[in-house]
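S.K.: the sequence and its predicted three-dimensional model are supplied below.
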Amino acid sequence: MTPAIPTQPADTAKPASDSQPQRDAEAAIIETLASQLVPDLAASKRILVGAATVQVDARSADDRLLVEVYARQGALKPGQRNKVAKDILKLALLRQQPEFAESRAIIAFASQEARDSITGWIADAANQFGIELLVVEIPEELRAELLTAQARQAMTNIASSALSSAPTKQSNPT
């Protein structure tokens, strides 16, 4: 008879990269928009645009509403601002297609601070292309979960900071 192998309890700690709170917040934002604007707003499938495909976070069954969602709490970081800029371009491209020409295009944020991060040429592009930038309230409990997840996900480039503190070799010009 072989001895029983002891089992370790499962690690219940969430990995730093876990984005379940963001997915939950995005779903809550879509649900809120559906209750306020169109009841059939749902996750989107890929949309063929020329030879390429694009996907939005949600759209109505009749394609009259196209939505991108940002759950970020607080000011956006530069990479997140760039993502919003790309989403503005994506929504503008969709609205150039005949079947989406009359569609309402929205980028929905879960915090006013995130929305207020969209300034300068990015805000001007959204305005020029008719892309609405809205803030949708989410429950406080979900907001707290997002803030906890964002703190857990905060990353620093350890390799870069280690390199920047390492002594550098100077060349001898002789």
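M.R.: Received it, and whenever you're ready, just let me know what you need. Numbering: from 1, shown residues only.
S.K.: from here on, contacts and neighbour counts on C-alpha atoms
M.R.: Will do.
S.K.: any idea how far Gln80 is from the most centrally placed residue in the chain?
M.R.: Geometric centre of the chain, nearest residue: Tyr70, 4.2 Å, by CA atoms, centre = their mean. Between Tyr70 and Gln80 the computed distance is 9 Å (CA to CA, to the nearest Å).
S.K.: is there a neighbour count for Pro21? I'd like the number.
M.R.: Pro21 is flanked by 19 other residues according to other CA atoms under 10 Å.
S.K.: now it. Nearest residue, chain neighbours left out?
M.R.: In space, and not counting its chain neighbours, Pro21 is closest to Leu146: 5.5 Å by CA to CA, 6 or more residues apart in numbering.
S.K.: do I have it right that that neighbour meets Glu26?
M.R.: No: between Leu146 and Glu26 there is no contact under CA atoms under 8 Å: 10.8 Å.
S.K.: so what sits against both of these two?
M.R.: Ala71 (CA atoms under 8 Å, 6 or more residues apart in numbering).
S.K.: point out where this structure drops to low pLDDT.
M.R.: 1-18, 155-174 (pLDDT under 70).
S.K.: hmm, 90 instead?
M.R.: 1-22, 43-45, 50, 149-174 (pLDDT under 90).
S.K.: can you show me the strands along it?
M.R.: For the chain, the strands defined by DSSP state E cover 42-43, 47-49, 52-54, 58-59, 65-70, 104-109, 131-135.
S.K.: quick one, the last one and strand 65-70 angle?
M.R.: In this case it means strand 131-135. 50 degrees (axes from the mean of the first three to the mean of the last three CA atoms, to 10 degrees).
S.K.: strand 131-135: partners in the sheet, and parallel or antiparallel?
M.R.: Sheet pairing of strand 131-135 (DSSP bridges) gives strand 104-109 (parallel).
S.K.: CA atoms of the strand it pairs with as PDB?
M.R.: Extracted in PDB, the C-alpha atoms of strand 104-109 (Å, rounded to 0.1, in the frame of the first residue of the first chain):
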ATOM      1  CA  ARG A 104     -24.100  56.400 -32.100                       C
ATOM      2  CA  ALA A 105     -20.600  55.700 -30.900                       C
ATOM      3  CA  ILE A 106     -19.700  55.900 -27.200                       C
ATOM      4  CA  ILE A 107     -16.600  55.400 -25.100                       C
ATOM      5  CA  ALA A 108     -17.800  54.800 -21.500                       C
ATOM      6  CA  PHE A 109     -15.600  55.400 -18.500                       C
END
